[in-house]
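1. Could you work out the structure for the sequence below:
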Amino acid sequence: MSTPSPTPASPTPETSAPSGSKRTWTGLEIYPLVVVILIIGGRVTELFRAFIDRTFEVDLALRGEEPVTTQLGDHEVLARGVIDFRLPADDLAGATQGFLIAADIILVLGLLLAGWYAVRAIGLVSKGLAFDPRTRRSMRGLFFSVFAAGAVSGIVQMLGDNLVIRDLGLAELPIDNSIQSGLIWGWLAVLGGIGVIGLLLDRGARVEDELEGVI
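-> A predicted model of the protein is given here:
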């Protein structure tokens, strides 16, 4: 009498994670990170110097093309263009120090947030998800973070520079704060480029939806 052979167990189907859940690094994300690091590197150094060495580095711009002779302490200085001051904290009022530190912190935090949005957007685009809602949200976040970082830190820096001019007794000289027209135009150009890319992605998503409806 033969015994029936055991029925082989059916193989258990392997479950694989959806491909969308795997994060891949394309390498393109490194570019916004490099830009952010280059921009905020100097500001982070200034913050360390302010808290550890108790010195502040301030840039002030001279109006006009002619050099200006000014007296700083016991020295007579001939200056033109942008003047880079490294000042001990004791020469500045507490409010002045607060504004200078706040401007650096706001810019660093804002650009770190902008870098995160940029990395996220580039990563999604490199995966072929240019018109994905997450990509468009990342572009909007990038736009508003760059806008806020530039506007708020710029205003605070301007106030801090004006207080430096007051503390150093340079109000009678043709000296202005470091927020000059070239810096403002560069910031606006970056905002414009980000805004145009965001609008193109929004338009592309609408066209894609219309084509899917037709097909």
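
2. Give me the pLDDT value at residue 1.
-> Residue 1 is assigned 48 on the pLDDT scale.

3. In the protein, where is pLDDT below threshold?
-> Within the chain, the stretches with pLDDT under 70 are 1-28, 64-81, 210, 212-215.

4. Please repeat the previous calculation with a cut-off of 90.
-> Where the chain drops to pLDDT under 90, the residues are 1-92, 94, 119, 122-136, 165, 167-183, 198, 200-215.

5. What segments of it are strands?
-> Secondary structure of the chain (DSSP state E): strands located at 55-62, 68-72, 75-79, 82-88, 175-176.

6. Could you list every helix and strand in contact with the shortest one?
-> Yep, that's strand 175-176 we're talking about. Helices and strands touching strand 175-176, by 3 or more C-beta pairs under 8 Å, 6 or more residues apart in numbering; DSSP states H and E, are strand 55-62. Yep, even glycine has a C-beta here, placed from its N, CA and C like the rest.

7. which residues touch the strand it packs on?
-> 46, 49-50, 68, 79-89, 92, 97, 100, 160-161, 164-165, 170, 173-178, 180 (C-beta atoms under 8 Å, 6 or more residues apart in numbering).

8. what's the spacing between the residue sitting nearest the centre point of the chain and residue 85?
-> The centroid of the chain falls nearest to residue 111 when counting by C-alpha atoms, centre = their mean (2.2 Å). Distance from residue 111 to residue 85, counting by C-beta to C-beta, to the nearest Å: 24 Å.

9. ditto for residue 136
-> Applying C-beta to C-beta to residue 136 and residue 85 gives a distance of 44 Å.

10. Between those two, which is the more surrounded one?
-> Between residue 136 and residue 85, residue 136 has the larger neighbour count (other C-beta atoms under 10 Å), namely 19 against 16.
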